[in-house]
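Student: Any chance you can model this:
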Amino acid sequence: MKALKHIVAAVAALSILTSCSVMQGLFANANDAGNSTGNAIATLYNIFKSTGGIDLSNITTLINLGKILTGANALTGKADAFVEDFANGLYNGSADLVNEKNAGSVISALQKLANVDSTPITKAVNSYSGGSAPAVNAKSAQPTINALMDLLKIL
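Tutor: Numbers count the residues shown, from 1 in each chain. Down below sits the predicted model:
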């Protein structure tokens, strides 16, 4: 059980590092950034479809939301070639949940998400140190959740 907590903490720490703006440079490869974002989108979509909502008290949800926010921020101000490679990564990472038909709408939704103040989510993810998920103020996180729901409705 103790080993599991360490593994979860390590995964959370890695996710936190990749969600920090300082680490944005690691996503020099647009395809990798899209792949990671697509995987997180697919995971949250599956959770949303099975539960009917987004549970901000679930650390898996928060970590995947952090990955989506990182990917959304990676798109900011990028050239068309980067966006096209990112979209190809989205296809693969999401197991074609994101596809040629909806990719433009997904990219637009991600760009919108990048412009929303996601501080409440980022603070919660950054404060995670193992154990239960940190508290997120649902009211202050509402703009982020609304933008996420707009994204998930496209799929």
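
Student: can you pull the pLDDT of Ala13?
Tutor: Here the pLDDT value assigned to Ala13 is 44.

Student: Then Leu69?
Tutor: 93.

Student: so what's it up against?
Tutor: Counting by CB atoms under 8 Å, 6 or more residues apart in numbering, Leu69 makes contact with 19, 113-114, 118, 121-122, 144. All C-beta spots, glycine's among them, are computed from the backbone N, C-alpha and C.

Student: now do Phe86
Tutor: Shown in contact with Phe86 (CB under 8 Å, 6+ apart): 30-31, 33-34, 37, 71, 74-75, 78, 107.

Student: make it 6 Å
Tutor: Taking CB atoms under 6 Å, 6 or more residues apart in numbering, we find Phe86 in contact with 30, 33-34.

Student: now do Ala133
Tutor: By CB under 6 Å, 6+ apart, the residues touching Ala133 are 57-59, 62.

Student: And for Ser127?
Tutor: Applying CB under 6 Å, 6+ apart, the residues near Ser127 are Pro134.

Student: Backbone dihedrals for it, both of them.
Tutor: Dihedral angles of Ser127 (phi, psi; degrees, to the nearest 10) stand at phi -90, psi -10.

Student: Over to Asp117. Which of the three states is it?
Tutor: coil (DSSP: H, G, I helix; E, B strand; the rest coil).
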